[in-house]
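Undergrad: Sharing a model that was predicted from the sequence below.
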Amino acid sequence: MVSTQTLSTPGITSSKNFAHLRGLNMDLFSVEELAAIHRKVHTHPEFAALLNSFSYPQLSNVLQNLISDAVVIHRRHGLDEKAVRNRCENLLDYKERTGCVESIESCMHDGCHTLKISCATRKTKEDILNVLQLFESRKNRSQVAHVALELFFKKVIEASNVIGIVLGDKIGTPKVFTTDGSGLMPIISEGSRRIGDALTEHEFRFSAGESLQVFNQYFPLDSQMAHRLLVIEKNPGLAKYIHRLTFASVGVEIAHERQILSLIYVGDNHLPRILPRVLEGVLRINIETDPEMRLRSGFGKKPDK
């Protein structure tokens, strides 16, 4: 059984919906600057260079947004705003390191920028890069694209009702797939085959613009399949309420390359919430790990000013 649905996910194919800094003050930044921030925030050298072009008010706004985002993301690990702000260098240590001769009283409470704007700008820029490390796992992140994608998919699966994620090429052939450990290969094989047939019949279409065309396949959850699923193994009572698996697929263009992303899930449909996050992650990882993809992602864009 198959069906299609359209999800409205504004900006999902652009860099404006990247993981962080969605609350920036649009009165302080141009459209081009906002796009550059969201495109480069995940690439440390490029983002650090971009910060050099910003004024003190702009940098302060970036820093405050990073702190707010870090609190939201890391709250479950017991990291509150005070702990995040502690990532910023202590003012006394900064003054000693840089040889600043102003009194500590003059530098406190954001007063420094009225005395020596270059000094305030430098510290704020360095604080941004220190806080940004909270979002980085590059030391533990594989630079091999398919490995990084598998690890990312695993995190999504652990945090949602998704039990499998498949990234395929433009004809639906799986390139990377991750599951929760359940025996989903028959579902993945059959679902991918059906996508191939649907492409031939023009039933499956690649999304254009900001709306995502979702191609849903439903697989009955019989007793033979049910015993393979970890979610039912851990919660046997769910078998009474879950009678099918949903294999939801979207065709998108990532860095000018068509790919098909599929989520396999049980229970309630949280697709509008989960899908944008997965697409953003796939785009980010592709750009970070594949120089060719990174180059292609810039095609057709205006150069940063």
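TA: Nice, I can see it. Bear in mind that the values here come from a model prediction, so they are computed numbers and not experimental data.

Undergrad: Count the neighbours of residue 192 for me.
TA: Applying other C-beta atoms under 10 Å, we find 20 residues neighbouring residue 192. Bear in mind the C-beta positions are built from the backbone N, C-alpha and C, glycine included.

Undergrad: hang on, isn't it packed against residue 169?
TA: No. With contact defined as C-beta atoms under 8 Å, residue 192 does not count as touching residue 169 (10.1 Å).

Undergrad: Surely residue 248 is within a helix?
TA: No. According to DSSP: H, G, I helix; E, B strand; the rest coil, residue 248 belongs to no helix; its state is strand.

Undergrad: On the three-state scheme, residue 6 is what?
TA: strand.

Undergrad: Could you find the closest non-adjacent residue to it?
TA: Closest residue to residue 6 apart from its sequence neighbours, by C-beta to C-beta, 6 or more residues apart in numbering: residue 211 at 5.3 Å.

Undergrad: For that neighbour, give its distance to residue 4.
TA: 12 Å (C-beta to C-beta, to the nearest Å).

Undergrad: And for residue 232?
TA: Residue 232 is 28 Å from residue 4, by C-beta to C-beta.

Undergrad: Repeat that for residue 262.
TA: Residue 262 is 14 Å from residue 4, by C-beta to C-beta.

Undergrad: Next: residue 92.
TA: Distance from residue 92 to residue 4, by C-beta to C-beta: 61 Å.

Undergrad: next one: residue 166
TA: For residue 166, the distance to residue 4 - C-beta to C-beta - is 18 Å.

Undergrad: The two: which has the busier surroundings?
TA: Using other C-beta under 10 Å as the criterion, residue 166 and residue 4 rank with residue 166 on top: 26 against 13.

Undergrad: Which strands or helices does whichever strand or helix holds the more buried one pack on?
TA: Per DSSP states H and E: residue 166 is located in strand 162-168. On a contact count with 3 or more C-beta pairs under 8 Å, 6 or more residues apart in numbering; DSSP states H and E, strand 162-168 meets helix 145-158, strand 174-179, helix 185-200, strand 257-265, helix 271-289.

Undergrad: Buried deepest among the ones you listed, which one?
TA: strand 257-265 (a mean of 21; mean count of other C-beta atoms under 10 Å).

Undergrad: Run the chain-centre distance for it.
TA: Relative to its parent chain, strand 257-265 has a centroid offset of 15 Å by C-alpha atoms, centre = their mean, to the nearest Å.

Undergrad: strands paired with it, and their directions?
TA: strand 162-168 (antiparallel), strand 244-254 (antiparallel) (DSSP bridges).

Undergrad: how about CSV for these, with mean pLDDT and distance to residue 272 added?
TA: Shown next, in CSV, are those (pLDDT from 0 to 100; distance: least, C-beta to C-beta, whole Å):
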stretch, mean pLDDT, distance to residue 272
strand 162-168, 92, 13
strand 244-254, 90, 11
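
Undergrad: Return the most buried member of these.
TA: strand 162-168 (a mean of 24).

Undergrad: List of residues touching that strand?
TA: 149, 153, 156-157, 174-180, 182, 184, 187-188, 191-192, 195, 229-231, 245, 259-266, 274, 278, 282 (C-beta atoms under 8 Å, 6 or more residues apart in numbering).

Undergrad: Can you list the low-confidence ranges for the protein?
TA: 1-2, 7-20, 74-79, 109-111, 136-144, 209-210, 268-269, 291, 293-305 (pLDDT under 70).

Undergrad: what sits against residue 46?
TA: With C-beta under 8 Å, 6+ apart, residue 46 has these contacts: residue 40.

Undergrad: which SSE is it in?
TA: helix 44-51.

Undergrad: Pull out the buried positions in that helix.
TA: 47, 50-51 (16 or more other C-beta atoms under 10 Å).

Undergrad: now the angle from the helix or strand immediately after it in the chain to helix 44-51?
TA: The element immediately downstream of helix 44-51 (helix or strand, assigned by DSSP H and E) is helix 56-74. Interaxial angle, helix 56-74 versus helix 44-51 (axes from the mean of the first three to the mean of the last three C-alpha atoms, to 10 degrees): 140 degrees.

Undergrad: hey, C-alpha coordinates of helix 56-74 in PDB?
TA: Only the C-alpha atoms of helix 56-74 are listed here, as PDB (Å, rounded to 0.1, in the frame of the first residue of the first chain):
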ATOM      1  CA  TYR A  56      30.800  44.200  17.800                       C
ATOM      2  CA  PRO A  57      26.900  44.300  18.000                       C
ATOM      3  CA  GLN A  58      26.800  41.500  15.400                       C
ATOM      4  CA  LEU A  59      29.300  39.400  17.300                       C
ATOM      5  CA  SER A  60      27.500  39.900  20.600                       C
ATOM      6  CA  ASN A  61      24.200  38.700  19.000                       C
ATOM      7  CA  VAL A  62      25.900  35.600  17.500                       C
ATOM      8  CA  LEU A  63      27.400  34.800  20.900                       C
ATOM      9  CA  GLN A  64      24.100  35.200  22.800                       C
ATOM     10  CA  ASN A  65      22.400  32.900  20.300                       C
ATOM     11  CA  LEU A  66      25.100  30.300  20.500                       C
ATOM     12  CA  ILE A  67      24.700  30.300  24.300                       C
ATOM     13  CA  SER A  68      20.900  30.000  24.100                       C
ATOM     14  CA  ASP A  69      21.200  27.100  21.600                       C
ATOM     15  CA  ALA A  70      23.800  25.400  23.700                       C
ATOM     16  CA  VAL A  71      21.600  25.600  26.800                       C
ATOM     17  CA  VAL A  72      18.600  24.000  24.900                       C
ATOM     18  CA  ILE A  73      20.700  21.200  23.300                       C
ATOM     19  CA  HIS A  74      22.800  20.300  26.400                       C
END
